[in-house]
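> Provide a 3D model corresponding to the input given below.
(2 chains)
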Amino acid sequence: MSDTHAQTVRYVRDSMIQPSEPPNAQTGAVKWMRENLFSDWVNGLMTVIAIYIIYSVLAAIAPWFYHSVWNAGSLNECREVIAINSPNAMHGGGCFAVISDRWLQLLFGFYRADLHWRPILAFVLLFVALGPILFPNRFPRPLMWLAAAYPFLVVWLLWGGSFWVPILAALGFVIGGIVGYFGNKVGGLGVAVAAAVVSAVVWWVYLMPVVNDGLHATVAEARLETIAEQTEADLIAIPEAQEAIETRMAELNARVAELDAQLEEIVAVEETDAVKAEFNAIMDELETVRAELRILSRDAYYYSQKSTDAKTIASNLEMLPEWKAAAAEGDEIAQRNLSDAYGRLGLVGLEPVTSREFGGFMLAIIIGVAGIGLSLPLGVLLALGRQSDLLVVKVACIVFIEVIRGVPLIVWLFTASLLLNYFLPPGTNFDLVLRVVIMVTLFSAAYIAEVVRGGLAALPKGQYEAADALGLDYWKSMRLIVLPQALKISIPGIVNTFIGLFKDTTLVGIIGLLDPINLSNSIRASSDWNGVYWELFIFIGLVFFVCCFSMGRYSLWLEKQLQRGHR
Amino acid sequence: MTTQSDPPKRNGFRLSQLIYDTRYRSITLQVIALLLIGGGLFWLYSNTVTNLAAQGKDFRLDFLWKRAGYDINQQLIPYTSNDTHIRAAAVGMFNTLLVALLGCVFATILGIVFGVLRLSKNFMASRLAAVYVEGFRNVPLLLWIVAIFAIVTEATHQPRDFKTGDASMLFNESVAITNRGTFIPSPIFGAGWELLAIVAVLAIGAAIWLRKWSIKRQAATGESPMPIWLGIVLVIAAILLVYSLQAGLMFALLSIIKVAIIVAIAVIGYRVAKTFVPNVLAALIAAALIILWQYFIAGPFWGMFGFQPAFDPSVTFDYPELGGFNFSGGLQIRNSLIALLLALSLYTGAFIAEIVRAGILSVSKGQSEAAFALGLRANRTMSLVILPQAMRVIIPPLISQFLNLTKNSSLAIAIGYMDIRSTLGGITVNQTGRELEGILLTGMFYLILSLLISAGMNWFNNSVKLKER
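The predicted model follows:
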């Protein structure tokens, strides 16, 4: 081509010019800024205002963060450190020492420190169990069984008890499953479901306690002598250990007082670099002493628990023959005492922990995860019920959903803590955490039902009709055709409900459980940290933000994954 | 052959049909369900009766008419500790309604502003809006309430700082923000305020009628309707006119002259400047002229006449004044209300922003392109083409956000705001020991309120939704 060009006319050029660089204003950062920040004067004004807002926020907060203190024993010490090290700090600095002092408490509440591995393990296992559910394509299918076993395992890990209790509880489902399987062969689906539920409930309510008590009694009887010896040894060893800890703590506390006095002197003296160096050296020593004190006080708590346990066991051992005799004669109190004592003596497994010791983010995660896991199936059932042709079922579901949704969660939580005792048979009294989990589950199930109902309504009617035309019965058409599509549509709403549920776990603080916010109040109530607000709020808020934000991102990812390209 | 196609003879009803015949099975199932539900409810009821009897209690509401004996720090209706529990509950109810209503308004404004900002082409603005939305959505509301309460109580000045000069009042010595609450001027209604109220109502009615009439005229003739801002200006002008006339004839005349001079300066300045410089600059020059007149010339100019007209208006204001240790006079807005209101509206506003964003995104791009092709400007495109279509998507979730806000206002208990949950469901329950009745009534109140709000909003939704033929 070029030579034809060259020979046609002289004034037509035969080679292309090199394309020149775009003008400076049309490339790189300048172009980007022209397009995104200053495209017209409204835009420019907005940019200026935005920069001003960012500047004023940063100007207020950044110095505070910059001068923050991470090692100190109390708020006053924090202030002294800031006064010595950065006397020019206008608004003072953050006292994040409260976090380094109390972060374990914020995470675990009053769960005993030597048992922290249990919630941690449960948390790690949560992800192992969730993996196959959250990322179904990337994990082998058999891992689903781990997910099924997880609830039993985790209840055992957190609350402790004998190792056979979770197995016995799971056995209820196995029994129900077997009965249902044969029931289905004999009498059809309805009969199978009814038989399975009845048999499982009979197992849990009537047979399982008997088996459990029997196992405990057998083990206890077999180990009676070893336990007696062990307890005797404990009752001697524990006070010795306690005494050693107390003396060491007294030493350290004396040292702390000494160092504190030195600090006071230094603060009073005029500031020089030498004084500053001395001050920081004392602070460092204080930090190491305090670290040891922290461990010692944990040990002291451990031994005090141990000693109460040992004393209880000793008294149980002493009373055992008497209770046995009385129980044989039919004395109900003695029978209860006896089964309690056997439960303690025949325990093979993890040390029991009561719900009162639960707290912090551990409690939030327990309530959140349990609520999420239980409310999804319940919510789907409620949504199906609301769409049902059976009038009674439909009306019942509508009333349930609307009543639950119409009343704030706080009122429901108060109902759980104050009124549930009225509604249940006299003498029933079960764990507050369990009650809260039930209430939270019912609450978010109603919301999920509404979300899923939206998904069911959004599905074209042809899908329902096609499923009917294939001859699928109701449950099969729901399971194979309708729900997979409807749930896919409702994923964003479901995850939003879950995020809401997780955030709402903070409300349990209002009925006296130790959620992170309530714990922050109790930390502030201690004389060391009286007046610490922002540091605690920032820490708690940050942890919640990370959890909720990642849940939201996961839902976006899942939406993309499930997108089948027809839109 | 015809005999074969006859339907099989009905042998009457067999019992097994109750399970195997789909026509009857549904009835069987419903009867079973009814029995189970009824049995469950009866079980709960009988348990409650037994438990109440065991504790020596009964289910009665007469405690509501007994003396309450506790104080409530914010009252919209008169109340003393000698009043009854039911009056205390009503005070709490009004407090709940107040915070819910104001919260809904503020949350909607915040939500619309940040929802639109998040879609803005401006990088900084959209990122700031994203930070706001994600920050508030992903942190528990209770934490925000407690944190904002801490901010308004810990980071504001004490009343005595106003004496020493460490802090000063805002807006011409009329508003004081302290750690005991914000003090604002309160209106005092003197003789003749009724006339003002009547004029206000009439003016608003007239403005609405004018707007509707002008829209009708637009449909008929194509003339563009009266803008909303003009209606607002008319209403304000009517009210101000009557207010100053009431205050004194001379004062009114003088005020009219003053306003007329300002308007004249603005118009003449703008017209003259427009011939030399672009419109925007001309407007700025006119604004500068007004400021120049008002702040530097007007005072000495009117002073020359040395004439002070009588001023005796029907509605005056009571300004807060610093007493010994606290402000007195004016209206005290407590920090608990401010914190709760701020937290609720910021939190719900973040959710509404997402709803608004999703609604605007749901309008297909072709709509805005078509509007641009017709020559509509960006703001007209937004208000005439996109928003009306987006509203259909926005309103239903907006309703549920309003419901959420109303229910979330019960978190007031964390910072001591006396809403119905703190009065009827809190102190009353603690004092009378009637937890069953108290909490049941509180729950009923929220349930009825929720149903009313959703009924009202559904009615509104039906009236604005796309009419399909």
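
> show me where pLDDT drops low in the stretch 201-350 of chain B?
B:306, B:310, B:324 (pLDDT under 70).

> what about the helices in it?
B:228-247, B:249-274, B:279-292, B:298-305, B:335-362 (DSSP state H, counting those that start in this stretch).

> again with the stretch 251-400 of chain A
A:273-328, A:332-345, A:360-387, A:391-406.

> So which residues on the stretch 351-469 of chain B come close to chain A?
Counting by C-beta under 8 Å from any C-beta of the partner chain, the stretch 351-469 of chain B comes close to chain A at B:403, B:407-408, B:410-411, B:413-414, B:421, B:425, B:429, B:435-436, B:439, B:442-443, B:446-447, B:450-451. C-beta: built from backbone N, CA, C; applies to glycine.

> which of these are buried?
B:403, B:407-408, B:410-411, B:413-414, B:421, B:425, B:429, B:435-436, B:439, B:442-443, B:446-447, B:450 (16 or more other C-beta atoms under 10 Å in any protein chain shown).

> follow-up on the earlier one: so which of the helices of the stretch 201-350 of chain B is the most packed in?
Among the helices of the stretch 201-350 of chain B, helix B:335-362 has the highest mean neighbour count (mean count of other C-beta atoms under 10 Å in any protein chain shown), at a mean of 23.

> Now the element after it, going C-ward?
helix B:365-373 (DSSP states H and E).

> still on that earlier bit, redo the helices of the stretch 201-350 of chain B as TSV? Include distance to A:Phe182.
Below are the helices of the stretch 201-350 of chain B laid out as TSV (distance: least, C-beta to C-beta, whole Å):
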stretch	distance to A:Phe182
helix B:228-247	73
helix B:249-274	91
helix B:279-292	85
helix B:298-305	97
helix B:335-362	50
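
> So which of these is nearest A:Ala83?
helix B:335-362 (29.6 Å; C-beta to C-beta).

> Among the helices of the stretch 251-400 of chain A, which comes closest to chain B?
Of all the helices of the stretch 251-400 of chain A, the one in closest proximity to chain B, counting by C-beta to the nearest C-beta, is helix A:391-406 (3.9 Å).

> And the closest one, what does it pack against?
In terms of contacts (3 or more C-beta pairs under 8 Å, 6 or more residues apart in numbering or on different chains; DSSP states H and E), helix A:391-406 is packed against helix A:360-387, helix A:432-458, helix B:22-54, helix B:435-464.

> all strands of chain A, in order?
A:161-162, A:349-350 (DSSP state E).

> partners of the last one in the sheet?
The reference is to strand A:349-350. Using DSSP bridges, the strands paired with strand A:349-350 in its sheet are strand A:161-162 (antiparallel).

> what's the strand it pairs with in contact with?
A:Asn212, A:Leu215, A:His216, A:Val219, A:Gly346, A:Leu347, A:Val348, A:Gly349, A:Leu350, A:Pro352 (C-beta atoms under 8 Å, 6 or more residues apart in numbering or on different chains).

> go with 7 Å
By C-beta atoms under 7 Å, 6 or more residues apart in numbering or on different chains, the residues outside strand A:161-162 that reach it are A:His216, A:Leu347, A:Val348, A:Gly349, A:Leu350, A:Pro352.

> that older thread, possible to save the helices and strands packed on helix A:391-406 as CSV with distance to B:Leu254?
Putting the helices and strands packed on helix A:391-406 into CSV (distance: least, C-beta to C-beta, whole Å) gives the following:
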stretch, distance to B:Leu254
helix A:360-387, 65
helix A:432-458, 61
helix B:22-54, 73
helix B:435-464, 45
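
> Figure out which of those helices is closest to A:Ala62.
Per C-beta to C-beta, nearest to A:Ala62 of those: helix A:360-387, 27.5 Å.

> which secondary structure elements does the closest one contact?
The elements that helix A:360-387 packs onto, with contact taken as 3 or more C-beta pairs under 7 Å, 6 or more residues apart in numbering or on different chains; DSSP states H and E, are helix A:97-108, helix A:391-406, helix A:432-458, helix A:491-504, helix A:516-525.

> For burial, what's the neighbour tally of the closest residue to chain B within the stretch 201-350 of chain A?
Going by C-beta to the nearest C-beta, chain B is nearest to A:Val201 of the stretch 201-350 of chain A, at 13.6 Å. Residues within reach of A:Val201, counting by other C-beta atoms under 10 Å in any protein chain shown, total 12.

> same check, this time on A:Leu134
14.

> Now do the nearest residue to it once chain neighbours are set aside against chain B, distance only.
In this structure, A:Leu134 finds its nearest non-sequential neighbour in A:Tyr554, 7.1 Å apart by C-beta to C-beta, 6 or more residues apart in numbering or on different chains. Per C-beta to the nearest C-beta, to the nearest Å, A:Tyr554 is found 13 Å from chain B.

> cool, and A:Val495?
According to C-beta to the nearest C-beta, A:Val495 stands 12 Å off from chain B.

> pLDDT wise, what is the residue nearest to A:Arg435 when sequence neighbours are not counted at?
Leaving aside its sequence neighbours, A:Arg435 sits nearest to A:Ala416 (C-beta to C-beta, 6+ apart; 4.4 Å). We have a pLDDT of 86 for A:Ala416.

> before we move on, what about the one 4 residues further on?
Reading off the confidence values, A:Leu420 has pLDDT 82.

> Going along the chain, name the helices of the stretch 101-250 of chain A.
Using DSSP H, counting those that start in this stretch, the helices of the stretch 101-250 of chain A run over A:117-134, A:144-159, A:164-187, A:189-202, A:208-268.

> Now distance to A:Ala445 and mean pLDDT too, for these, in CSV please.
Listed next are the helices of the stretch 101-250 of chain A as CSV, based on distance: least, C-beta to C-beta, whole Å; pLDDT from 0 to 100:
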stretch, distance to A:Ala445, mean pLDDT
helix A:117-134, 19, 85
helix A:144-159, 17, 85
helix A:164-187, 20, 85
helix A:189-202, 19, 82
helix A:208-268, 26, 84
